[in-house]
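Peer 1: prediction below, plus the sequence it came from.
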Amino acid sequence: MNLETVILAAGKGTRMYSNRPKVLHGLSGKPMLEYVLDAAVAINSTAIHVVYGHGGDLLKQRFSDRDVTWVCQTEQKGTGHAVAQAMLGLNDNSVVLVLYGDVPMIKPSSLGPLIDIAQKNKLALLTIELDEPGALGRIIRDDKNKIVAIREYKDADAAERQITEINTGVVAAKAKLLKQWLNRIDNNNAQQEYYLTDIVQLAVADHIPVESINPQTALEIQGVNSKLELAELERMHQQQQARTLMQQGLTIVDPARFDLHGQLDFGRDCKVDINVIIQGHCKFGDNVKVGPGCIVRNAQIDDDSVIEPFSIIEDSQIGSHCSVGPYARLRPGSSLLQSSKIGNFVEVKNSIIGVNSKANHLSYVGDAQVGKDVNIGAGVITCNYDGANKHKTIIGDNVHIGSDCQLVAPVTVSDNATIGAGTTVYNDAPENELTVNKKEQIVLAGWKRPQKN
């Protein structure tokens, strides 16, 4: 089967009050259009056509890696006009599926049956019953319950506005039929636009069967026209994700205060507290605990590790039985081995922290290799940057580094070495020895503290 998907993304998005095209606004960390493109790929579209009108350069730049045919709609004259712009190069024998760039939650599982109907030379519609259908187009059926028309709300009479079955806008048909219908629609309506929905009456007149199916949930057909609607859809989507994860065994303290912008794989007895944001692809082992207010991005956290509140973890690996935070930051390339500890206000970047080693507070460890059983005192800094290049610090096993030390890389602190408090280490520190800077404490007799004028 040759399936060509047309995605309408030409709307101005006036109510977004933004210079960005509406479909580039983000939902759970991805542009809305990306969700629709992913759905089109998932149903094995042989070609994807995106109809754009505003911000075309931004769209093409953002999706430059996608195999997409870009179709410019220079004037916005309605959905029927938009689809017609994309029809010129389509194969007559193709099935054409019409989707919308601002309806991001559509699922491939709801689209498959539509395509099957269209393959049989029928017109397939995605419709749904809503308790409050608002200003959406109504599905008109005859006394045999067959679809005979779609009436846009502004053109509907009082009786038709009472109908609760609505048009989602998603349709599928053979290209040959769709081309014929689009050539015959007019703009004799309240909006003076060419409605795609008018093809239903034309199909009925041509004795082409019109069939409908329903999406699995109403969330799938939620469109976005404003930032308020985008925020509402975001929260609905997050709560749906939270329910799914909880059904799979994840403990989420409050599903209303949970955000997943990507994928989370997890073991047994994991717990995520309030206001946690999980981004990218994260993997949790068994019994992982993430405290309130944490951001975890592209991280692997192994069994029995705890992330204390308000910590940020990015592109890092955390071994089993580790503790991070509170208020800690693991930057990309950080790796904590088993039973290590990174405490409050400690930052680690591109470093390996060895088994049972710890930096409990107020330290920076960057571009370092830290052995096992190391204690890094408060205020310790690895000085890894000389203003042009980064350099490495190597700390051996069973090293003790006192408070307020600076390790000026490149430098090696050998096994069992001790660095005295307040020491600046310029040269390699030998094993089994105490390294300090020579200092003298001076008392200035008779010195008086300055007084306020």
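Peer 2: Yep, it's here. Fair warning: this is a prediction, and the values are worked out from it, not measured in the lab.

Peer 1: and Gly396, what does it touch?
Peer 2: Counting by C-beta atoms under 8 Å, 6 or more residues apart in numbering, Gly396 touches 371, 374, 412-417, 431. For every residue, glycine as well, the C-beta is placed using N, CA and C.

Peer 1: restricted to buried residues, select the residues you listed in ChimeraX.
Peer 2: The ChimeraX selection below is limited to those of the contacts of Gly396 classed as buried (16 or more other C-beta atoms under 10 Å):
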select :371,374,412,413,414,415,416,417
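
Peer 1: which of the contacts of Gly396 fall in helices?
Peer 2: Using DSSP state H, no member of the contacts of Gly396 falls in helices.

Peer 1: distance to Asp157 and pLDDT for the contacts of Gly396 - can I get that in JSON lines?
Peer 2: JSON lines is the format used below for the contacts of Gly396 (distance: C-beta to C-beta, whole Å; pLDDT from 0 to 100):
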{"residue": "Gly371", "distance to Asp157": "80", "pLDDT": "98"}
{"residue": "Val374", "distance to Asp157": "79", "pLDDT": "98"}
{"residue": "Thr412", "distance to Asp157": "85", "pLDDT": "98"}
{"residue": "Val413", "distance to Asp157": "84", "pLDDT": "98"}
{"residue": "Ser414", "distance to Asp157": "88", "pLDDT": "98"}
{"residue": "Asp415", "distance to Asp157": "87", "pLDDT": "98"}
{"residue": "Asn416", "distance to Asp157": "89", "pLDDT": "98"}
{"residue": "Ala417", "distance to Asp157": "88", "pLDDT": "97"}
{"residue": "Glu431", "distance to Asp157": "91", "pLDDT": "96"}
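
Peer 1: of the contacts of Gly396, which belong to strands?
Peer 2: 412-413 (DSSP state E).

Peer 1: list the contacts for the residue nearest to Gly396 when sequence neighbours are not counted?
Peer 2: In this structure, Gly396 finds its nearest non-sequential neighbour in Asp415, 3.7 Å apart by C-beta to C-beta, 6 or more residues apart in numbering. By C-beta under 8 Å, 6+ apart, the contact set of Asp415 is 371, 396-399, 431-432.

Peer 1: which of those residues lies closest to Asn121?
Peer 2: Gly371 (71.7 Å; C-beta to C-beta).

Peer 1: need the contact list for the closest one.
Peer 2: 354, 357, 395-399, 415 are the contacts of Gly371 under C-beta under 8 Å, 6+ apart.

Peer 1: among the residues you listed, who's most crowded?
Peer 2: With neighbours defined as other C-beta atoms under 10 Å, the most crowded of the contacts of Gly371 is Ile395; it has 28 neighbours.

Peer 1: do you know how far that one is from Glu431?
Peer 2: 11 Å (C-beta to C-beta, to the nearest Å).
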